[in-house]
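1. using only what follows, build the 3D model:
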Amino acid sequence: MENLVNIFVKSIFVDNMIFAYFLGMCSYLAVSKTVKTSTGLGLAVVFVLGITVPINYLIHNYVLKEGALTWISPQYADVDLSFLSFILFIAVIASMVQLVEMVIEKFSPTLYSNLGIFLPLIAVNCSILGGSLFMQERAYNTLAEATVFGLGSGVGWFLAIIGIAAIREKIRYSNVPAPLRGLGITFIITGLMGIAFMGFMGIKL
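-> Below is the predicted model:
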């Protein structure tokens with residue numbers, strides 16, 4: 001249990017997808033103009049990461065990696081399908097994003113309209129694929145660890161986009177120099193937030 005908590009906290013603060021790896025910056029910058037749309041996209045990212053990482057964990061461990069197919073027959077012990085990782089991971093991600101898109105369009109047409117093209121673009125959001133690839137690289141031992149890592153990564157991305165959206169709503173009323181208005185000041189704030197999150201690296205987990 002303690003190990004799961006450590007993975008969850010670390011994936012939110014220490015290995016934050018935005019501030020540690022700068023993954024998913026395109027939608028992070030484009031959608032973070034208001035807290036409302038940022039909340040919708042952030043929750044969608046949490047859901048997609050929380051679902052796709054454990055599914056891809058099962059695919060990796062029971063289909064792709066060398067010897068994974070021994071549950072079918074011992075004669076497949078030398079089969080290594082890891083070269084298919086990108087294709088299968090992206091296929092799972094695209095399927096889940098399509099599901100999220102249909103649900104949001106059904107129950108919240110306004111949010112669906114506000115998110116626009118960036119909702120289906122979750123499928124090519126590098127933070128989503130990055131979650132599955134980090135899971136593969138770190139070789140988590142159990143499905144629970146992979147699931148907690150996926151959820152933690154999603155929550156970290158959610159906190160990042162909510163934080164920058166709240167700041168961007170406030171700085172509309174600030175006297176920002178003309179050359180820095182818009183994306184300029186947003187990049188600066190993102191860099192400062194990244195530096196602030198580096199302080200969490202001192203946490204011993």
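
2. any idea how far Asp78 is from Lys106?
-> 47 Å (Cβ to Cβ, to the nearest Å). From N, CA and C alone the C-beta is placed, and that goes for glycine too.

3. and what of Gly152?
-> For Gly152 relative to Lys106 (Cβ to Cβ), the value is 28 Å.

4. more neighbours, the two?
-> Neighbours per residue, other Cβ atoms under 10 Å: of Gly152 and Lys106, the larger number sits with Gly152, 28 against 9.

5. run through the residues that contact that one.
-> By Cβ atoms under 8 Å, 6 or more residues apart in numbering, the contact set of Gly152 is Ile7, Phe8, Val9, Lys10, Ser11, Ile12.

6. element containing the third one?
-> Using DSSP states H and E, Val9 falls within helix 2-9.

7. what's the following helix or strand after that helix?
-> Where DSSP H and E defines the elements, the next helix or strand beyond helix 2-9 is helix 25-31.

8. what residues sit buried inside that following helix?
-> Met25, Ser27, Tyr28, Leu29, Ala30, Val31 (16 or more other Cβ atoms under 10 Å).

9. could you dump these to CSV with distance to Gly131?
-> CSV is the format used below for the buried residues of helix 25-31 (distance: Cβ to Cβ, whole Å):
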residue, distance to Gly131
Met25, 15
Ser27, 15
Tyr28, 15
Leu29, 19
Ala30, 20
Val31, 18
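
10. straight-line length of stretch 72-84, end to end?
-> By Cα to Cα, to the nearest Å, the extent of stretch 72-84 from end to end equals 19 Å.

11. how distant is that stretch from the center of its chain?
-> 29 Å (Cα atoms, centre = their mean, to the nearest Å).

12. buried set for it?
-> Applying a neighbour-count criterion of 16+ other Cβ under 10 Å, the buried positions in stretch 72-84 are Val79, Leu81.

13. and Gly130, how far is that from Gly67?
-> In this view, Gly130 and Gly67 are 26 Å apart by Cβ to Cβ.

14. what of Val79?
-> 8 Å.

15. go on, Leu180?
-> According to Cβ to Cβ, Leu180 and Gly67 sit 54 Å apart.

16. so the closest residue in space to Asn3 that isn't next to it in sequence is in which element?
-> Nearest in space to Asn3, with sequence neighbours left out and distances taken as Cβ to Cβ, 6 or more residues apart in numbering, is Glu145 at 7.1 Å. Taking DSSP H and E as the criterion, Glu145 maps to helix 143-171.

17. now that helix: mean pLDDT?
-> Mean pLDDT, helix 143-171: 94.

18. show me what contacts the residue of the chain most remote from its centre?
-> Taking Cα atoms, centre = their mean, the residue of the chain most remote from its mean C-alpha position is Gln75, at 37.2 Å. If a contact means Cβ under 8 Å, 6+ apart, then Gln75 has no contacts.

19. three-state assignment of it?
-> When classified by DSSP: H, G, I helix; E, B strand; the rest coil, Gln75 comes out as helix.
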